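**Q** I would like the atomic coordinates for the input below:
(one chain, ligands or ions: 2)
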Amino acid sequence: MPVVDAAWEQWLSTNVDRGCSMESMIDSMVQAGFATDAARAAVHRAFGTTPAEVASLAHRATGGATEAARTQAVPHAYQYDEAPVASGNLIHAYDRDVRVLMRCERPQLIVFADVLSADECGELIERSRHRLKRSTIVNPETGKEDVIRHRSSEGIWFQRGEDAFIEQMDRRISSLMNWPVENGEGLQILHYGTSGEYRPHFDYFPPDQAGSAVHTAQGGQRVATLIVYLNDVADGGETIFPEAGMSVAARQGGAVYFRYMNGQRQLDPLTLHGGAPVLRGDKWIMTKWMRERVYG
Ligand code: PD2
Ligand code: ZN
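**A** Ligands and ions are numbered 1, 2, ... in the order given. Have a look, this model is predicted:
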């Protein structure tokens, strides 16, 4: 059973600040493995009120309106403008035709098949297997990379264009995301064993946190992510979007794209996402994060 440690405290305060409802936060924590009572207690504590006070405040604030109406009342709500990814059911990405399986407007999310061939997935796994290191997470206060329990995976980075094969992957992904190859971080490979998971988080650097400045100094904010699945996961290991009530199953060569920064530089909180625990077998993914400007 998870515990409310520093990373969860941070998650709680960020979500309170951005106007999340208590129920959606409790749901996310329960989905992440907390007992309902523990989740409820932590969320109430984060709001600084007792359950009874919260119910009465919410009722007064909305005149008894619905949850949907309350969510819409949040100031500066994210404005969805057009994502750069091409339209259509088949996208020619550099050297390969990629199939579109699903598109979602809020959050902006696209599920693809055939981004990589089985051979390419196998090659990336074999190149990475012996170089894996325990994954880190950005400490919001210091901006440094810390190993924490919320991300039980191991990973490696490939520098952009490090050799001809990696350059081919970078160019295909850049073409698919329709964002300059120079704005991409290096490719990251992650491996999760059975029970490995990645708790819900944002891929963007929260602007209100001191450590984010270290990361955005070069290339600016992250704007979009592509997660490519390098193997079929026997059970579990979906990429989950708890605020959107959506999950994407890991299927070899497939991928999920999501965009969280619009042309006005707003950030979309609906892109909260995580890697569900792997229930059987293991899971390999490759992630590309795109920045606002040239990176590296
Ligand atoms: O492994 C995943 O599904 C996952 C989930 C959330 C990966 C990432 N985030 C990531 O690489 O940012
Ligand atoms: Zn992520």
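
**Q** beta partners for the closest residue to ligand 1 within the stretch 101-250 of the chain?
**A** The stretch 101-250 of the chain approaches ligand 1 most closely through Thr239 (3.6 Å), counting by Cβ to the nearest ligand atom. Glycine gets a C-beta too; all of them are placed from N, C-alpha and C. Thr239 has these beta-bridge partners by DSSP bridges: Val248, Gly275.

**Q** Now for it, how many residues are close by?
**A** Residues contacting Thr239 under the criterion other Cβ atoms under 10 Å number 24.

**Q** what residues does the stretch 101-250 of the chain put near ligand 1?
**A** Within the stretch 101-250 of the chain, the positions near ligand 1 by Cβ under 6 Å from any ligand atom are Tyr198, Asp203, Ile227, Thr239.

**Q** Lys288: which of the residues you listed is nearest?
**A** Ile227 (8.3 Å; Cβ to Cβ).

**Q** What strands line up against the host helix or strand of that closest one, and which way round?
**A** Element membership for Ile227 (DSSP states H and E) is strand 222-229. Strand 222-229 has these partner strands in its sheet, going by DSSP bridges: strand 255-259 (antiparallel), strand 283-291 (antiparallel).

**Q** what about the first one, near ligand 1?
**A** No - judged by Cβ under 6 Å from any ligand atom, strand 255-259 makes no contact with ligand 1; its nearest approach is 7.9 Å.

**Q** distance between that strand and the chain's centre?
**A** Centroid separation between strand 255-259 and its chain, computed with Cα atoms, centre = their mean, to the nearest Å, is 9 Å.

**Q** Now tell me what touches it from outside.
**A** 83-85, 107-112, 115, 176-177, 223-229, 239, 241, 248, 268, 271, 273 (Cβ atoms under 8 Å, 6 or more residues apart in numbering).

**Q** Okay, now the unreliable bits of the stretch 1-150 of the chain?
**A** Scanning the stretch 1-150 of the chain for pLDDT under 70 picks out 1, 5-8, 10-11, 14-15, 17-20, 27-33, 49-76, 136-150.

**Q** Go again with 80.
**A** Low-confidence regions of the stretch 1-150 of the chain, defined by pLDDT under 80, span residues 1-38, 48-76, 133-150.

**Q** Tell me where it has strands.
**A** Secondary structure of the stretch 1-150 of the chain (DSSP state E, counting those that start in this stretch): strands at 90-93, 96-104, 108-113, 133-134, 137-138, 145-146.

**Q** right, so the strands paired with strand 222-229: which one is the most enclosed?
**A** Scoring those by mean neighbour count under mean count of other Cβ atoms under 10 Å gives strand 255-259 as the most buried, with a mean of 25.

**Q** Val128: how many residues sit nearby?
**A** One thing to correct before we go on: residue 128 is Ser, not Val. Ser128 has 22 neighbours, counted by other Cβ under 10 Å.

**Q** Wait, it touches Ile156, no?
**A** Yes - counting by Cβ atoms under 8 Å, Ser128 touches Ile156, with 5.2 Å between them.

**Q** Next up, phi/psi of Leu95, please.
**A** In this structure residue 95 is Asp, not Leu. Backbone torsions for Asp95, taken as degrees, to the nearest 10, come to phi -130, psi 10.

**Q** residues touching it, list them.
**A** Residues in contact with Asp95 (Cβ under 8 Å, 6+ apart) are Gln168, Arg171, Arg172.

**Q** follow-up on the earlier one: and the contacts of strand 255-259, which are buried?
**A** Among these, those buried by neighbour count (16 or more other Cβ atoms under 10 Å) are 83, 85, 107-112, 115, 176-177, 223-229, 239, 241, 248, 268, 271, 273.

**Q** Look at Tyr260 and say how many residues are nearby.
**A** 24.
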